[in-house]
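1. below is the sequence, then the predicted model.
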Amino acid sequence: MADYSTDDPFMFDGRSYLFEPEYTDEELQELRERATRERELPVVNAATQPRISGNWWCTCGDCKAMDTEQECLCCTEWDLLSRDTQENHCFVQSEDFPALINKAVLETFFHVPKVNWRRRPIPEGPNGQLSTEQCRLVAYRVVLEWGLKGERLGRKQRRVLPSCVVTAIRNKYPSPSGIYQGFQEADELSRIL
């Protein structure tokens, strides 16, 4: 039978907690303060509190409450962004986003035949350029096409864009009246038109 009564501190004696790191007094104080701060934060119950009541659901920090629950979507929840792209950083702050909504890109994308809408076949802005409304609509489409990575969405299929993306596009290409349509399903839109 082996003798385990030794003064060697690295000899295993069956107590698994023996080798756990110990916190310093400063670390313990920081842990206590963090626990106190977390207890003081208001508890948000996602099941009972509507998303349109604020932006508590946003984890990227750039979202705004939208008009409908469906539109209150953070880019970190958007299934079209890969996990390595997200990392709790806002997609709007990425280096790809400004290029996607650049006016020259939108002008080019507008003239691609598959994007040319029946209702707006020609640019409506001054000097044959896109109007602000057209820029906004094309920017929504460009971001969605980028998110789909070449896959086709299909006829009468629509996807909600994250609130931060919609807000950034609306800020860059604002409506003169300040009134926006918001997201509509294809069947809702066909009833209106």
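-> Looks like it came in fine. Numbers count the residues shown, from 1 in each chain.

2. and the strands in this protein?
-> Applying DSSP state E to the chain gives no strands.

3. which residues of it score low on pLDDT?
-> Confidence mapping of the chain against pLDDT under 70 gives the ranges 1-21, 41-49, 82-88, 113-121, 186-193.

4. for it, what spans make up the helices?
-> 25-40, 83-86, 96-100, 103-110, 132-148, 163-172, 186-192 (DSSP state H).

5. take the ones you listed and lay them out in TSV including mean neighbour count.
-> Yep, even glycine has a C-beta here, placed from its N, CA and C like the rest. Output for these, formatted as TSV (neighbours: other CB atoms under 10 Å):
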stretch	mean neighbour count
helix 25-40	10
helix 83-86	12
helix 96-100	15
helix 103-110	16
helix 132-148	19
helix 163-172	20
helix 186-192	10
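
6. for W57, find the nearest of these.
-> helix 163-172 (8.9 Å; CB to CB).

7. hmm, who's touching that closest one?
-> For helix 163-172, the surrounding residues in contact (CB atoms under 8 Å, 6 or more residues apart in numbering) are 55, 58, 60, 62-66, 71-75, 90-92, 97, 101, 135-136, 139-140, 143, 180.

8. indicate which one of the helices of the chain is closest to Q157.
-> Comparison of the helices of the chain against Q157 by CB to CB identifies helix 186-192 as nearest, at 6.9 Å.

9. re the thing from before, how about the helices of the chain, which one is nearest G125?
-> helix 132-148 (6.9 Å).

10. chain center to that closest one: distance?
-> 16 Å (CA atoms, centre = their mean, to the nearest Å).

11. what's the closest non-adjacent residue to R159?
-> Nearest residue to R159 in three dimensions, chain neighbours excluded: L144, at 6.0 Å (CB to CB, 6 or more residues apart in numbering).
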